[in-house]
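Chemist: Sequence plus predicted model, see below.
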Amino acid sequence: MKIICLAFLALVSISSISLTQTDRYQTRTGSISFEASVPTFEPIKAVNKSTTVVLDMKTGNIAALALIKGFRFPVALMQEHFNENYIESDDYPKAVLKGTLTDFDANRFSQNTSSTFILNGTLELHGKKEVISIPVLLSKSGDQIQLESNFNLQPADFNIEIPSVVSNKIAQEVQVSVNAMLSKK
């Protein structure tokens, strides 16, 4: 009976160790910013510093979630118009990115290195999913991975309508930047 109990305890210990040893890196304080400014008009830009980003080192899968109401603008009226008139955040409260890094191999990704990969996946925004392919720079230092990406989106691709009254004040192409420090979980 003692042997059975010891075997059971050993099995439970091994199981709990394998459950706690994960190849996932994540953060809940990632930053997404965008700019849709045009020359000679007031800058249109915002930042969201509470974005969740998860990277699975075994598969190269990445998932990110940003609550739309988390974007902060320098001008409160812009934030109100963004949420109510353009992105309709009560109806579409989040943006979700899911994809896989092309040619990702965690074994070749070692300490104090930086590598750029292409993330192929989907971005869901304003109730519409679009296939995307964007560059992602990963830099590993210690137990953390810095993730950076810069890319452009077009509001029309996500059925975001810009009224003709202000269309000349808002860029047709929005510049998006992502920056996240991921820790092993």
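Modeler: Good, I have the coordinates.
Chemist: hey, where'd the helices end up in the protein?
Modeler: Taking DSSP state H to define them, one finds helices in the chain at 2-20, 76-81.
Chemist: Confidence-wise, which of the ones you listed is weakest overall?
Modeler: With a mean of 42, helix 2-20 has the lowest mean pLDDT of these.
Chemist: can you pull the contacts of the closest residue to Ser133 other than its chain neighbours?
Modeler: Once its chain neighbours are removed from consideration, Ser133 has its nearest residue in Asn120; the separation is 5.1 Å (CB to CB, 6 or more residues apart in numbering). Using the backbone N, CA and C atoms, a C-beta is placed for each residue, glycine as well. When contacts are counted by CB atoms under 8 Å, 6 or more residues apart in numbering, Asn120 touches Gly99, Thr100, Thr102, Val131, Ile132, Ser133.
Chemist: ChimeraX command for the buried members of these?
Modeler: When burial is assessed using 16 or more other CB atoms under 10 Å, the buried subset of the contacts of Asn120 is captured in ChimeraX by this command:
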select :99,132
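Chemist: so how far is Lys98 from the residue nearest to Ser133?
Modeler: The span separating Asn120 from Lys98 equals 10 Å under the rule CB to CB, to the nearest Å.
Chemist: Next: Leu119.
Modeler: When distance is defined by CB to CB, Leu119 is 10 Å away from Lys98.
Chemist: Which residue is the nearest non-sequential neighbour of Ile68?
Modeler: In space, not counting the residues next to it along the chain, Ile68 is nearest to Ser89; the distance is 4.0 Å by CB to CB, 6+ apart.
Chemist: just checking, that neighbour touches Asn83?
Modeler: Yes - with contact defined as CB atoms under 8 Å, Ser89 and Asn83 form a contacting pair (4.3 Å).
Chemist: Determine the residues that are contacts of both of these two.
Modeler: Counting by CB under 8 Å, 6+ apart, the residues touching both Ser89 and Asn83 are Ile68, Lys69.
Chemist: Which residues are in contact with the residue most central in space within the chain?
Modeler: Among the residues of the chain, the one closest to the centroid is Ala64, at 3.5 Å (CA atoms, centre = their mean). Residues touching Ala64, when contacts are defined by CB under 8 Å, 6+ apart, comprise Gly30, Ile32, Thr51, Thr52, Val53, Val54, Val96, Leu97, Lys98, Val178, Ala180.
Chemist: Go again with 7 Å.
Modeler: Contact partners of Ala64, counting by CB atoms under 7 Å, 6 or more residues apart in numbering, are Gly30, Thr51, Thr52, Val53, Leu97.
Chemist: what pLDDT does it get?
Modeler: According to the per-residue confidence, Ala64 scores 98 in pLDDT.
Chemist: Kind regards, and thank you for your time.
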